[in-house]
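In: just coords:
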């Protein structure tokens, strides 16, 4: 059968050259890659026109691509810590934050859906992330808009979701909210701060726990 169309493409993450042949009866046939035939249950697509044969090939490519995607629920989190104390040297010193004075911590956490994209041999090529509908964490912990939790930058960590792990991060967010609320109270009321200093009560004196 003469070849009427060839086209370089990717099928299941692997390079493949599609060829469309036409037989003497005018039937157009495009062979599928050998590595996809068992999963798809066919070795070719056929159609009455060249355009229809190419469209059928693309449909099978999309169907196979979906078979190579694994989805799971995960928790993604990130700590940025500024610990410029000059007590350490080398890798012990953390200087993740680029603003402010003194020490600081920025923390983000979110439930996400991870999609792992694999090639035809099952090798993971990349991961992508979308936000889960369930976000039990307090507002403000989904990190900043310019570096969202869907980012694939290296400093965002990913772990498998479990209820126990989610509960732990929820508790951490609450503890940080309590600390921030108490620090705000001391910052906004110097007399209260001085009273706390004189009593030696530190943060146990300042403010009430936020709801």
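Out: Sure thing, it's come through. Treat the numbers as computed from the prediction; the structure is a model and nothing was measured.

In: so is the residue nearest the centre of the chain in a helix, a strand, or just coil?
Out: Centroid check for the chain by C-alpha atoms, centre = their mean gives residue 129 as the closest residue, at 3.3 Å. When classified by DSSP: H, G, I helix; E, B strand; the rest coil, residue 129 comes out as strand.

In: That one: what's it in contact with?
Out: Neighbouring residues of residue 129 by C-beta atoms under 8 Å, 6 or more residues apart in numbering: 74, 76, 112, 113, 114, 115, 149, 150, 151, 152. In short, each C-beta sits where N, CA and C put it, glycine included.

In: partner residues bridging it?
Out: Note on residue 129: beta-bridge partners by DSSP bridges are residue 114.

In: Could you confirm residue 26 falls within a strand?
Out: No. Read with three-state DSSP, residue 26 is coil and lies in no strand.

In: Looking at strand pairing, list the partners for residue 31.
Out: Beta-bridge partners recorded for residue 31 (DSSP bridges): residue 44.

In: Neighbours of it, how many?
Out: 15 (other C-beta atoms under 10 Å).

In: One more: the one 3 residues further on?
Out: Burial of residue 34 is recorded as 10 neighbouring residues (other C-beta under 10 Å).

In: Give the closest residue to it in space, chain neighbours not counted.
Out: Leaving out its chain neighbours, the residue that sits closest to residue 34 by C-beta to C-beta, 6 or more residues apart in numbering is residue 43, at 8.0 Å.

In: And residue 64, by the same measure?
Out: Spatially, and ignoring its direct neighbours in sequence, residue 64 is nearest to residue 36 (5.0 Å; C-beta to C-beta, 6+ apart).

In: was I right about residue 170 contacting residue 134?
Out: No. Using C-beta atoms under 8 Å, residue 170 makes no contact with residue 134, being 11.6 Å away.

In: Those two: which is more packed in?
Out: For residue 170 versus residue 134, neighbours defined as other C-beta under 10 Å are more numerous around residue 170 (15 against 10).

In: C-terminal to the helix or strand containing the more buried one, what's the next element?
Out: Per DSSP states H and E, residue 170 falls inside helix 163-188. Using DSSP H and E, the helix or strand that follows helix 163-188 towards the C-terminus is helix 190-199.

In: Check the offset of that following helix from the chain's centre.
Out: Taking C-alpha atoms, centre = their mean, to the nearest Å, one finds helix 190-199 lying 45 Å from the centre of the chain it belongs to.
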